[in-house]
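>>> show me the folded form of this:
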Amino acid sequence: MPSPTDYVKKGFLRVVDPAVGFLARHNVSPNAITTVGTLLTIAASVVYATGHIMSAGWLMSVTAVFDVIDGQVARRTGKSTVFGAFYDSTLDRVADGALMAGLTVFYMTSPVHHNIYMVVVCLVGIIGTFLVSYTRARAESLGIDAKVVEPPADELQEVDELLADLGVPAAEREWKKIVSAEGLWYFEARDAKKWLMI
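Residues are numbered from 1 along each chain as shown. As a prediction, this is how the structure comes out:
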């Protein structure tokens, strides 16, 4: 029996399908879509750093969609390649690092919300983000199965996490709901879970 999440995923795919079809018909490169999504995430990190949390939240919601569309376009046009997967994963780490860096700058420079403890949390988040990729790559180079033991890791799950962590809540519930210690600790705990389960 389909779960409520399955219905949400199917509904989301129906919503983005016209955009996917348009990009596929015009032979837009999936790597170009990935690049644009990453650049928007970097822009969002700058907005976070300047303290405009609500605006950054909406921008992050848009960038999350790109992470679904690039894979859908690649499959529909038959352009799914090993390099494309490598490129997508690499830019994902760039985006993650930029996002956490933006929050680090916010907590370091904000005259009102300066918080050394949250700076430490953000720095640990940056380290954890890259450690996940390094650990898996190193394990696989040694012939160790390093796949993450999780529910099916489709791209929609990643979108759900991004929207829940840094997107819509930031825009709808003000910055205190998303850059609080609780919110960032959840972000970090999720990365730690992935690392431990590799």
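
>>> show me what the helix of greatest length in the chain is packed up against.
Across the chain, the longest stretch assigned as helix under DSSP state H is helix 82-109. In terms of contacts (3 or more CB pairs under 8 Å, 6 or more residues apart in numbering; DSSP states H and E), helix 82-109 is packed against helix 30-49, helix 53-77, helix 116-141. For the C-beta atoms, the positions are set from N, CA and C on the backbone; glycine is no exception.

>>> is it possible to get JSON lines of these that adds distance to M100 and mean neighbour count?
What follows is those, written out as JSON lines (distance: least, CB to CB, whole Å; neighbours: other CB atoms under 10 Å):
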{"stretch": "helix 30-49", "distance to M100": "8", "mean neighbour count": "21"}
{"stretch": "helix 53-77", "distance to M100": "13", "mean neighbour count": "21"}
{"stretch": "helix 116-141", "distance to M100": "5", "mean neighbour count": "16"}
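
>>> any idea which of these gets closest to G102?
Taking CB to CB, helix 30-49 is the member of the helices and strands packed on helix 82-109 nearest to G102, at 3.1 Å.

>>> what is the closest one packed up against?
Applying 3+ CB pairs under 8 Å, 6+ apart, one finds that helix 30-49 contacts helix 53-77, helix 82-109.

>>> any idea of the mean pLDDT in it?
For helix 30-49, mean pLDDT rounds to 93.

>>> that one vs helix 53-77, what angle?
Orientation check (axes from the mean of the first three to the mean of the last three CA atoms, to 10 degrees): helix 30-49 against helix 53-77 gives 170 degrees.
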